[in-house]
Each structure stands twice: as C-alpha cells, then as structure tokens.
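Undergrad: this one's structure only:
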C-alpha cells in the first residue's frame, strides 16, 4: 500500500518524497543556527591594491590600519584569499561571483553584462548600492582612465544599463559625492581610492604609507561613526589581490560593534565575503557565491544600542521540525524589547506575527497550515536578526 501526503497546493506526494523533502530542507535549516548573521544598516568596503597580508598587517608604515586592528571592534582575517590575478578579474569576482570571462586588466568586451551581481540584488530587495571612486570625473562616467582613476577597479560600470540584472549609472559616483552625513550612505558601498592612494602606484613602504595616510585623512570620521552601536554599521578593509608572492592571501579587517574582535584564522575567499553580504540581506547568490562559505564566526552575541541589548548571534531553537500541530520557538532573543517573530509561506504571505511579550518562548499552532515549507524570521525593529525554515507535515 502506498502512503501519500497532501502538500501545499493539494499536491499528493508519496511518503518517500515527503521524507526526501524533509531531508533536503531540514539539513540546511539545522546549520542555520550556527550561521546567523547581523544585518547592518550600512556596510562600507574600502578596497586596496596588490599587497599581501604580511606586507601590511604589522607594518609600522601603516600605523592607522594597524591601530584599528587592535580595537575591540575589529576582527582581522589572517586567512582571507583573493581568487586570481590580475586585479580586474578579482573585482568582478567580488561583485558578481564570476570574472565574466575577463582574465586581464584590459577594457572588458561584451558589457554591459546581464548576469547576477550584488548591486542588482540589493536594488531588487529594496536596498541600495553605490561605488565611490576617487578621481572619477563625473557621475556614471564610463571612461577607462582619468587622472589616477582606473575603470578596471570599478566593476559596477560593467552592468550599467536597463536590461536584465543591469543598474542605473547613478550607482557609479565620484568619491567627492561620499556623504558627510553617514546616515545617507547606501546599504553597501565600495570606496575605491585612485592608483596613488590604494597601494597600486609606488614601491615598498612608501606606497603603503601613502595609502594608510589617505585612509586616515578621508575616512577617520567614518570609522568613529561606525564605532557607535546606534549606527549599526560595518566597515571592511580588504584588497583585490596580493603581490603574486603569498598565494593571494590578502589583508582583511572587519570593524564594527557587531564584530567580536581578535584574529580569525578560518579560511575564506572574496566569494565567501560576497556570500556573507547576500545572506545578511536575504538576497540571491551570484555566481560562485552560491557555493562559497559565508563568514559566520566573527560576530558578537549581543550589541548594545542605546538602552537596549540586541541579539546578533543568539540562535533560536525550534522544536519539533517537521511539525504537525504546534511548533515551539525558544531563545533569549525572543524576549528583547523590540523583538517580533514572523512566519511566512513560500509565496512570502505573512501567516503569523507576534511582538515580544517578555518571554523567551513562543508556541505557534500550525495545525491549520497546509503541509509544506514555511519560513520564520526574528526581527528587531527594521532589522532581521535570524531567519530559517521549517516543514509542516500532516
């Protein structure tokens, strides 16, 4: 005798198919407990050029960045790797999970591309992206070089257009447009210094010192702002590639109140960093980011904002899963003053929403939900602290 279950949409499935569905979806769900990510209001990424981890970190010619690495809000990644050489393919990799077939620093062919990319993913999610490039002569300029500006370091230019996955040219801004009111920053921004300010031009410690000075001179006020937990911002200092002599091990530092500090020795790549941004905001996964390892082990458990303590990496537990009648959520994050638990179906339709009531447990009756897959999210104000999935089987 064949036993069947009726799933969402009145689709009958044999029991083996239901069990397979449970196995496929439940395994990643269980892993999501350890992979909860903060959701910064703003991420600012400073991208430097052509130096290895051991050339910059610990070097007295870069006093500002090395001072920053000793801050309790800074995590230094000692095993972060770029993807390839030379520069331009790495910028494309970091932005879109692929070099788009480009393997040199020459002006790309075949653009504007129609492939997935971080900027388009953010726009489609109702968020924002901008690249701020030093010496870019005008908003939206597609010029290859201007002064010490180099288009090869500005990947968003390759997706400007009105077609599939393309973006407005207003996402391509000169650094002079970088806001002085940092609350006006987009969700994610790239800061791209020119060739004289990013360790590209020059040799030895002199070029390192020049870039470090530019960083302090232009972004110190931003760093001070990021340090305030109320601003919920994350600053990232990273590189496109090394000098060909260190297996592409690049200096990378995350700075912000949601970062727990110290050194992180886990091996990550620029693809994994892209994946992390996508997971933070619930985006799709562009190119190789889909299979990359996201950065999950550098985040604090709690961030204090004003008078409230917001859980960043305090996973909910959920039991049972799969469930037929009542599912129990538990975790200290549920009792936060602004916490709210939301459940949606696969179409995004909200089925349940309950604000915190001082308890660290919430029981939800799902007996009238159709069999199938559902999503939950724990929210704090406008921020999603954790999300996951569960299965209803009747």
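TA: Sure, I can see it. Owing to the predicted nature of the structure, the values given are computational and were not obtained by experimental measurement.

Undergrad: from memory residue 345 sits against residue 376, does it?
TA: No: under the criterion of C-beta atoms under 8 Å, residue 345 makes no contact with residue 376, lying 11.1 Å away. Any C-beta I mention is one placed from the backbone N, CA and C, and that applies to glycine too.

Undergrad: quick one, which of these two is more surrounded?
TA: residue 376 (22 against 16; other C-beta atoms under 10 Å).

Undergrad: mind listing what the more buried one touches?
TA: For residue 376, the contacting residues are 316, 318, 329, 341-344, 387-390, by C-beta atoms under 8 Å, 6 or more residues apart in numbering.

Undergrad: Most neighbours among those residues, which one?
TA: residue 316 leads the contacts of residue 376 on contacts (other C-beta under 10 Å) with 25 neighbours.

Undergrad: So it is in contact with residue 334, correct?
TA: Yes: counting by C-beta under 8 Å, residue 334 is a contact partner of residue 316 at 6.9 Å.

Undergrad: Can you check which residues contact both of these two?
TA: What both residue 316 and residue 334 touch, as defined by C-beta under 8 Å, 6+ apart, is the set residue 378.

Undergrad: pLDDT weak spots in the stretch 201-350 of the chain?
TA: For the stretch 201-350 of the chain, the stretches with pLDDT under 70 are 301-315.

Undergrad: now with 50?
TA: Within the stretch 201-350 of the chain, the ranges that satisfy pLDDT under 50 run 306-308, 310-311, 313.

Undergrad: what helices or strands is the host helix or strand of residue 44 leaning on?
TA: Per DSSP states H and E, residue 44 falls inside strand 42-48. With contacts taken as 3 or more C-beta pairs under 8 Å, 6 or more residues apart in numbering; DSSP states H and E, strand 42-48 sits against strand 188-192, helix 204-226, strand 233-239.

Undergrad: What's the mean pLDDT across that strand?
TA: The pLDDT scores in strand 42-48 average 98.

Undergrad: Now residue 63: closest residue in space, sequence neighbours ignored.
TA: Nearest residue to residue 63, sequence neighbours excluded (C-beta to C-beta, 6 or more residues apart in numbering): residue 212, at 6.5 Å.

Undergrad: residues near that neighbour, how many?
TA: 23.

Undergrad: The chain should start at 204 in everything you say after this.
TA: Sounds good: first residue 204 from here, last item residue 415.

Undergrad: can you pull the contacts of it?
TA: Contacts for residue 415 were tallied using C-beta under 8 Å, 6+ apart; they are 264-268.

Undergrad: Can you add pLDDT, secondary structure and neighbour count and give those residues back as JSON lines?
TA: As requested, these are arranged in JSON lines below (pLDDT from 0 to 100; DSSP: H, G, I helix; E, B strand; the rest coil; neighbours: other C-beta atoms under 10 Å):
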{"residue": "264", "pLDDT": "98", "secondary structure": "coil", "neighbour count": "17"}
{"residue": "265", "pLDDT": "98", "secondary structure": "coil", "neighbour count": "26"}
{"residue": "266", "pLDDT": "97", "secondary structure": "helix", "neighbour count": "13"}
{"residue": "267", "pLDDT": "98", "secondary structure": "helix", "neighbour count": "17"}
{"residue": "268", "pLDDT": "98", "secondary structure": "helix", "neighbour count": "23"}
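
Undergrad: Now the nearest residue to residue 564 once chain neighbours are set aside: phi and psi?
TA: Leaving aside its chain neighbours, residue 564 sits nearest to residue 533 (4.6 Å; criterion: C-beta to C-beta, 6+ apart). Backbone torsions for residue 533, taken as degrees, to the nearest 10, come to phi -150, psi 150.
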